[in-house]
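S.K.: sequence plus predicted model, see below.
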Amino acid sequence: MPRQVWIVGPAVLLAVGFAALLGALAFGGGAVAPVLLDPGPVVLYGLPIARLVLDLSLAATIGPLLFAVWTAAPKQREYDRALDIAAGASALLAVAAIVTGLLTFLSITGTPLSFDDKFTAALGQYVADPSLGGLWLWVVVLAALTTVLCFAVRDQRAVLFVLVAAVAVLLPLAQMGHAAAAAAHDEAVNALGLHLLGASVWIGGVIALVLLSRSLAGPRLLAAVERFSSFALACFIVVAISGYVSAQLRIGSLDALLSTPYGLLVLVKVAALLALGLLGAWQRTRIITAMRRAVSVGASTARPFWLLIVIEIACMGVAAGVAVALARTATPVPVDGAVQAVTPAEILTGEPLPPELTALSYLTTWRIDLVWLLVCAFGIFFYWAGVLRLRRRGDRWPWYRGLLWTAGMLALFYVTNGALNEYERYLFSVHMLGHMALTMAVPLLLVAGAPVTLASRAIRKRDDGSRGGREWILWAVHTPFARVITHPLVAAVVFVGSLWAFYYTPLLRWAAVDHIGHEWMIVHFLISGYLFVQSLIGIDPVPYRFPYPLRIVTLFATMALHAFFGLALVEGTGLLLADWFGAMGRTWGPDPLADQRIGGAIAWGIGEIPTFVLAVVVAVQWARSDERESRRRDRASERSGELDLVQYNRMLQRLSARDSGGSEGG
């Protein structure tokens with residue numbers, strides 16, 4: 001790649017990004033001084049500029065780290081350079097977060113910058129607030145941690161956790177701005193978080209390719225472009241869907257889209273993203289083909305690619321600049337007054353109390369969780385893509401495993417997006433029904449799909465020293481942590497212990513009140529159930545499994561403790577989280593304590609249905625194992641010409657002859 005691109009690429013990104021930001025601020029009124037609490041032009045323009053620097057530096061941190069984890073080999077020169085770039089970008093991210101947080105405080109309070117006691121006390125109170133300055137404090141801490149680790153860590157396995165720390169910066173960022181004040185808070189946070197993630201990986205990947213261009217040449221450049229292209233396609237889908245959801249929440253109607261500054265800026269951003277999508281399609285169909293042809297004849301692979309990269313960077317600059325300006329532009333749908341909290345349910349949840357739950361509601365009520373919708377969609381797509389790759393290669397894969405995996409993903413989609421997701425905030429019994437489905441029903445289907453086995457067979461093996469999907473999955477399966485967490489005894493303890501630890505500690509309140517806590521609850525229940533079912537009937541490789549008799553004992557012992565938990569809820573006289581489930585002001589359904597007892601009955605009774613299925617599957621596998629062992633011994637006997645039987649008969653003849661000789665001699 002020409003050396004000029006290493007300089008021109010970032011320059012184009014910054015120039016176009018700042019130009020788009022300033023133009024969008026002027027058009028949308030994002031820098032117009034408010035009538036009250038005017039913070040001054042330095043804050044009005046400095047805040048969005050600092051936020052643009054923050055967003056680009058976050059992308060420049062995530063992109064090179066992902067490059068080091070997914071594309072480069074540790075012994076290659078570009079691997080160390082990628083970590084150095086990430087370290088510098090994360091340091092800039094920390095500084096930008098400090099500046100942005102300070103300017104946000106000045107914008108909210110309208111006070112000038114000073115160093116007197118009154119100002120520092122107000123600033124300290126702002127930072128101590130977990131919903132305001134506390135979020136910026138988390139961004140600064142995570143960015144600083146990422147910077148230190150980028151300098152200190154060079155092992156590729158450890159870099160994976162550095163990447164996780166960098167991505168964690170998105171969590172507090174997703175809870176700020178319009179998402180924090182939106183009426184549909186949970187949906188807005190999900191959409192913004194996914195949008196930031198997709199954009200950061202997408203822009204960061206291009207930045208990594210540009211800044212590492214001097215170290216990439218020939219086949220290595222082709223491999224980097226091919227691997228990034230797959231990520232870019234997934235990022236385009238995530239950014240497009242999450243962007244649509246965010247726009248729909250804030251615009252509300254087609255008229256507002258076409259007649260308001262916010263709506264018109266959204267159209268500009270959409271045009272930039274569509275251009276990026278078309279350029280990505282051109283890259284996958286034309287540019288990569290041209291690069292492969294150049295590699296085959298020993299020609300340069302840079303010329304067919306560098307011009308496309310510069311155009312992509314320009315489009316990304318437009319999208320990034322307009323996106324920051326949109327966060328400062330008034331939305332057609334007010335984000336701070338859409339729901340007037342006049343009922344207990346609205347005060348607690350921010351949304352009106354839904355209508356009474358009926359049998360029909362389980363089929364007609366939906367509350368979409370965009371995170372889990374995409375997880376399920378990608379899970380089904382990549383699973384069947386792996387099956388198709390095996391079949392094209394001539395390998396077979398049991399059709400019923402694919403159906404069970406698909407059924408499990410559809411069940412997970414319903415639990416996280418259907419009526420259970422809507423009513424679990426108001427009815428403990430519905431919450432418990434979702435819990436049982438996440439820990440027992442869904443894992444039973446997903447484990448039967450054997451996804452790790454499929455991935456290890458379908459994903460191509462890397463031969464250049466880098467780690468791809470197959471290498472990372474196999475590494476994760478064989479880590480010391482995996483050996484501990486997948487041990488049947490540990491899995492059973494986590495499965496049962498999670499019940500008591502969750503419902504009788506502040507974790508229940510965190511999951512009910514905080515959206516991040518709710519998402520964590522889903523992840524934890526799903527993983528704990530998956531590990532437990534995997535230890536009993538799993539096909540995927542694990543370091544150790546109990547013998548079948550001990551599996552039966554573990555299953556029934558675990559389910560006995562599970563039933564005891566349900567019985568404790570049924571007979572309990574105290575209400576769990578009384579200021580939440582008992583304060584919703586419901587005029588329909590059972591009273592809170594009776595509803596809690598129904599939830600205990602669900603944990604006690606309905607939860608035993610998957611237990612029976614598990615017991616049957618374990619028994620069938622046990623019988624088949626004995627049958628396979630019997631056939632194995634028969635085949636071994638046939639191969640040896642029944643040598644064991646012949647030797648046994650000869651031994652009997654010798655004993656008989658010895659006894660006969662002894663009798664005659666006597």
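M.R.: On my side now, so go ahead. Numbers count the residues shown, from 1 in each chain.
S.K.: which residues belonging to stretch 461-471 are considered buried?
M.R.: 462, 466-467, 469-471 (16 or more other CB atoms under 10 Å). The way it works is simple: take the backbone N, C-alpha and C, and place the C-beta from them, glycine included.
S.K.: please produce TSV containing those residues, extended by pLDDT and distance to H431.
M.R.: Below are the buried residues of stretch 461-471 laid out as TSV (pLDDT from 0 to 100; distance: CB to CB, whole Å):
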residue	pLDDT	distance to H431
R462	88	43
S466	88	44
R467	91	39
G469	90	35
R470	91	38
E471	92	39
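S.K.: same list (those residues) but as CSV, adding distance to I606.
M.R.: What follows is the buried residues of stretch 461-471, written out as CSV (distance: CB to CB, whole Å):
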residue, distance to I606
R462, 45
S466, 47
R467, 43
G469, 37
R470, 39
E471, 41
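S.K.: got the domain ranges for this protein?
M.R.: 3-326, 367-460+468-629, 639-665 (automatic domain parsing).
S.K.: mind checking pLDDT for L561?
M.R.: At L561, the pLDDT value in this model is 85.
S.K.: what's the neighbour count on it?
M.R.: 15 (other CB atoms under 10 Å).
S.K.: kindly report the same for G110.
M.R.: Neighbours of G110 under the rule other CB under 10 Å: 13.
S.K.: need the next SSE after the helix or strand of the chain with the lowest mean pLDDT, C-terminal direction.
M.R.: Least confident helix or strand of the chain, by mean pLDDT, DSSP states H and E, is helix 177-181 with a mean of 57. Using DSSP states H and E, the helix or strand that follows helix 177-181 in sequence is helix 185-211.
S.K.: so how far is that following helix from its chain's centroid?
M.R.: 13 Å (CA atoms, centre = their mean, to the nearest Å).
S.K.: same deal with stretch 598-612?
M.R.: 29 Å.
S.K.: how near is I380 to V447?
M.R.: Noted for I380: a distance of 16 Å to V447, by CB to CB, to the nearest Å.
S.K.: on that earlier part again, export the domains of the chain to TSV and tack on distance to V342?
M.R.: Converted to TSV, these look like this (distance: least, CB to CB, whole Å):
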stretch	distance to V342
domain 3-326	13
domain 367-460+468-629	11
domain 639-665	81
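S.K.: what's the most buried one of the ones you listed?
M.R.: domain 3-326 (a mean of 19; mean count of other CB atoms under 10 Å).
S.K.: and it, how far out from the chain's middle?
M.R.: Distance of domain 3-326 from its chain centroid, counting by CA atoms, centre = their mean, is 18 Å.
S.K.: again, but for stretch 409-416
M.R.: 15 Å.
S.K.: now stretch 573-593
M.R.: 32 Å.
S.K.: which outside residues touch it?
M.R.: For stretch 573-593, contacts defined as CB atoms under 8 Å, 6 or more residues apart in numbering pick out 343-345, 348, 353, 355-357, 426-429, 503-504, 508-509, 512-513, 595-596, 598.
S.K.: mind saving the C-alpha coords of that stretch as PDB?
M.R.: Once non-C-alpha atoms are left out, stretch 573-593 reads as follows in PDB (Å, rounded to 0.1, in the frame of the first residue of the first chain):
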ATOM      1  CA  THR A 573     -44.600 -15.400  54.000                       C
ATOM      2  CA  GLY A 574     -42.200 -12.600  53.000                       C
ATOM      3  CA  LEU A 575     -42.300 -10.800  49.700                       C
ATOM      4  CA  LEU A 576     -39.100 -10.700  47.700                       C
ATOM      5  CA  LEU A 577     -38.300  -7.200  46.500                       C
ATOM      6  CA  ALA A 578     -41.500  -5.800  48.000                       C
ATOM      7  CA  ASP A 579     -40.900  -2.200  46.900                       C
ATOM      8  CA  TRP A 580     -40.800  -3.400  43.300                       C
ATOM      9  CA  PHE A 581     -43.200  -6.300  42.700                       C
ATOM     10  CA  GLY A 582     -45.400  -5.200  45.600                       C
ATOM     11  CA  ALA A 583     -45.500  -1.500  44.500                       C
ATOM     12  CA  MET A 584     -46.500  -1.700  40.900                       C
ATOM     13  CA  GLY A 585     -50.200  -0.700  41.600                       C
ATOM     14  CA  ARG A 586     -51.600  -3.600  39.500                       C
ATOM     15  CA  THR A 587     -55.400  -3.800  39.400                       C
ATOM     16  CA  TRP A 588     -55.300  -7.200  37.700                       C
ATOM     17  CA  GLY A 589     -53.800 -10.600  38.400                       C
ATOM     18  CA  PRO A 590     -53.100 -12.200  41.800                       C
ATOM     19  CA  ASP A 591     -51.800 -10.100  44.700                       C
ATOM     20  CA  PRO A 592     -48.000 -10.000  44.900                       C
ATOM     21  CA  LEU A 593     -47.500 -12.600  47.600                       C
END
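S.K.: pLDDT of it, averaged?
M.R.: 89.
S.K.: repeat that for stretch 606-615.
M.R.: For stretch 606-615, the per-residue pLDDT averages 77.
S.K.: same check on stretch 212-232?
M.R.: Rounded mean pLDDT across stretch 212-232 is 80.
S.K.: likewise stretch 121-131?
M.R.: 85.
S.K.: give me the residues contacting it.
M.R.: 101-102, 105, 108-109, 111, 132-134, 136-137, 175, 180.
S.K.: what do you get if the cut-off is 7 Å, keeping everything else the same?
M.R.: Residues outside stretch 121-131 that contact it (CB atoms under 7 Å, 6 or more residues apart in numbering): 105, 109, 132-134, 137.
S.K.: same question for stretch 226-236.
M.R.: 70-71, 198, 201-202, 205, 209, 276-277, 280, 283-284, 288.
S.K.: same deal with stretch 9-22?
M.R.: Counting by CB under 7 Å, 6+ apart, 48-49, 52, 56, 210, 309-310, 313-314, 316-318, 320-322, 324-325 sit against stretch 9-22.
S.K.: repeat the analysis, applying 8 Å as the threshold.
M.R.: Applying CB under 8 Å, 6+ apart, the set of residues contacting stretch 9-22 is 45, 48-49, 52, 56, 203, 206-207, 210-211, 309-310, 313-314, 316-322, 324-325.
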